[in-house]
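Participant: Got a predicted structure here, sequence first:
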Amino acid sequence: MNEIYYLAIDLGASGGRHILGHVEDDRLVLEEAHRFANAPVRQGTSLVWDTEKLFAEIKAGIRKCCALGKGPRYIGVDTWGVDYVLADREGKPLEPAYSYRDPRTAPYLDTPVPYEELYRVTGIARQPFNTVYQLLADKGTGRLKDAAALFFLPEYFSFRLAGTLAGKRHSEYTAASTSGLLDAEKRTWAFPLIEALGLPPRLFDPLREPPYTVGTLDRDLAEETGCDAEILMVASHDTASAVSIVKEDELYISSGTWSLLGVQGSPLLSEAARNSGYTNEGALDGRVRLLKNIMGLWMLQQVRRELGGRYSFAELEVLARQAEAGMRDYPAFKVNLPCFLNPPSMIEAVQDQYRAGRIPESPGELAYCIYHSLASSYRKAIEDLEGITGKTYGAVHIIGGGSRDTFLNDLTGRYTGKEIIAGPAEAAAIGNLLLLMKYAGAARPSGGFAESLIKL
């Protein structure tokens, strides 16, 4: 009997991967077929995504799957949230696709609708990279004049795989939920707010819950890649895919470029939630993700880049462990300060937090200060969450690539007093694959993820 292969294309802001999955003896088996680096690029004074390079990598990964004799029957794409591509009436992209780290939104953070009212409806914490502020920047520069459609990035790549950007009729709920323009309780676009902000309603297609199909792989792409597959919209925001393997009311940290800390359940739009910076984003099965956006391992990634890539992440982890004994009196800094979003030098941004005392100099000292500050921020975020929900959580499920970082996991356990359950590292891809399987009517691996053997 021929195996049915499913392909999760999981794009992150710092890298992408193609993960093949199939069911064997009632267990989900994973295989990495392709992996590549990603980063925003400088275009004049702007920071944008090279969508053509990303699409080329998407095609390359599909070709590799077919070369292995494992051409997928179903393909799903997930990416980070908030960023998008605009298209005109003929489906032509209106470049560029701006990165959420671009500072263009700064003049547009004070909106015609007070933040308190925005939060009361959308439940989205104010962040300068939110889609709502990016669209207001587009409006301010005239980019929306020719725009007929808005594609969040996973939609954009999915519709390109299907061969056209002109056939979009729905917006995938979990990606759209990161925009700051949805009614969190009604799970619909907040059109009264959209109109009050002066944004064109034509950009916002009806929301649809995943999984659903957008078509088959474009004929020319099928010939180019050797693949004949159906393209599905999954829970296309990567965190929504990742946390779909975590049970409701279980505390998680989706750890990677960002750390997303929270629980799944019902929307919580209280003043306490707003003041603590908690946000309500879409999840599966009628739930939301009540979570806090924390800067995450982006800081360590940038320090490593500035050090010329001379140290692996594993080596920086060892150096941080070695530095800990001599640095226990170092205070933690606030990792969500604007200066860490996209500084010219992350090393200098970290060192600036210690100008009143002994400045960290060595790679190990810099790494320790980042780890120490991240774990401290997790502790504060959990304290806030327990106060908001009135619940106490005994364990933290750390999923995503950062779950491999044993030192950060150790510090998190020590600082929070919680049991740490680490892994899986490819949580977003697994959630993606399980939705592909659900659409196809395949049997979900028995016993839920925790009891399923994942072979990498």
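Facilitator: Perfect, I can see it now.
Participant: When you work out contacts or count neighbours from here on, use the C-alpha atoms and nothing else.
Facilitator: Noted.
Participant: And residue 75, how close does it get to residue 442?
Facilitator: 14 Å (Cα to Cα, to the nearest Å).
Participant: mind giving me the domain split of the protein?
Facilitator: 6-238+428-451, 246-423 (automatic domain parsing).
Participant: Mean neighbour count for those - can I get that in a markdown table?
Facilitator: Formatted as a markdown table, the domains of the chain follow (neighbours: other Cα atoms under 10 Å):
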| stretch | mean neighbour count |
| --- | --- |
| domain 6-238+428-451 | 20 |
| domain 246-423 | 19 |
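Participant: Redo those as JSON lines? Include mean pLDDT.
Facilitator: Converted to JSON lines, these look like this (pLDDT from 0 to 100):
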{"stretch": "domain 6-238+428-451", "mean pLDDT": "94"}
{"stretch": "domain 246-423", "mean pLDDT": "96"}
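Participant: show me where the stretch 1-150 of the chain has strands.
Facilitator: 6-11, 15-24, 27-37, 41-43, 46-49, 74-78, 84-87, 93-94, 97-98, 149-152 (DSSP state E, counting those that start in this stretch).
Participant: so which of those comes closest to residue 354?
Facilitator: For residue 354, the closest of the strands of the stretch 1-150 of the chain is strand 46-49, at 28.8 Å, according to Cα to Cα.
Participant: The stretch 301-450 of the chain: helices as residue ranges?
Facilitator: 313-324, 346-351, 363-389, 406-416, 427-440 (DSSP state H, counting those that start in this stretch).
Participant: Output those in CSV, with distance to residue 188 appended to each entry.
Facilitator: Shown next, in CSV, are the helices of the stretch 301-450 of the chain (distance: least, Cα to Cα, whole Å):
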stretch, distance to residue 188
helix 313-324, 41
helix 346-351, 39
helix 363-389, 24
helix 406-416, 36
helix 427-440, 22
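Participant: Tell me which of these lies nearest to residue 275.
Facilitator: helix 363-389 (9.8 Å).
Participant: Can you spell out which helices and strands pack onto the closest one?
Facilitator: strand 259-265, helix 271-275, helix 298-306, helix 313-324, helix 346-351, helix 406-416 (3 or more Cα pairs under 8 Å, 6 or more residues apart in numbering; DSSP states H and E).
Participant: May I see those organised as JSON lines, with distance to residue 114 added?
Facilitator: Output for the helices and strands packed on helix 363-389, formatted as JSON lines (distance: least, Cα to Cα, whole Å):
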{"stretch": "strand 259-265", "distance to residue 114": "25"}
{"stretch": "helix 271-275", "distance to residue 114": "13"}
{"stretch": "helix 298-306", "distance to residue 114": "30"}
{"stretch": "helix 313-324", "distance to residue 114": "42"}
{"stretch": "helix 346-351", "distance to residue 114": "31"}
{"stretch": "helix 406-416", "distance to residue 114": "35"}
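Participant: right, and the ones you listed - which one's nearest residue 158?
Facilitator: strand 259-265 (24.7 Å).
Participant: For residue 332, give me its contacts.
Facilitator: 369, 372-373, 376 (Cα atoms under 8 Å, 6 or more residues apart in numbering).
Participant: of the residues you listed, closest to residue 165?
Facilitator: residue 373 (43.0 Å).
Participant: So residue 253 belongs to a strand, correct?
Facilitator: Yes - the assignment for residue 253 (DSSP: H, G, I helix; E, B strand; the rest coil) places it in a strand.
Participant: ok, it to residue 261 distance?
Facilitator: For residue 253, the distance to residue 261 - Cα to Cα - is 4 Å.
Participant: and if you look at residue 351?
Facilitator: Residue 351 is 26 Å from residue 261, by Cα to Cα.
Participant: now do residue 439
Facilitator: 28 Å.
Participant: Which residue is the nearest non-sequential neighbour of residue 428?
Facilitator: Spatially, and ignoring its direct neighbours in sequence, residue 428 is nearest to residue 242 (3.7 Å; Cα to Cα, 6 or more residues apart in numbering).
Participant: who's in contact with the one helix or strand the one you found maps to?
Facilitator: Residue 242 belongs to helix 238-243 when assigned by DSSP states H and E. The contact list for helix 238-243 (Cα under 8 Å, 6+ apart) reads 10-12, 78-81, 174, 234-235, 252, 254, 260, 282-284, 289, 399-400, 426-432.
Participant: Distance to residue 362 added to the strands of the stretch 1-150 of the chain, as TSV?
Facilitator: Putting these into TSV (distance: least, Cα to Cα, whole Å) gives the following:
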stretch	distance to residue 362
strand 6-11	32
strand 15-24	27
strand 27-37	26
strand 41-43	28
strand 46-49	30
strand 74-78	37
strand 84-87	39
strand 93-94	44
strand 97-98	34
strand 149-152	40
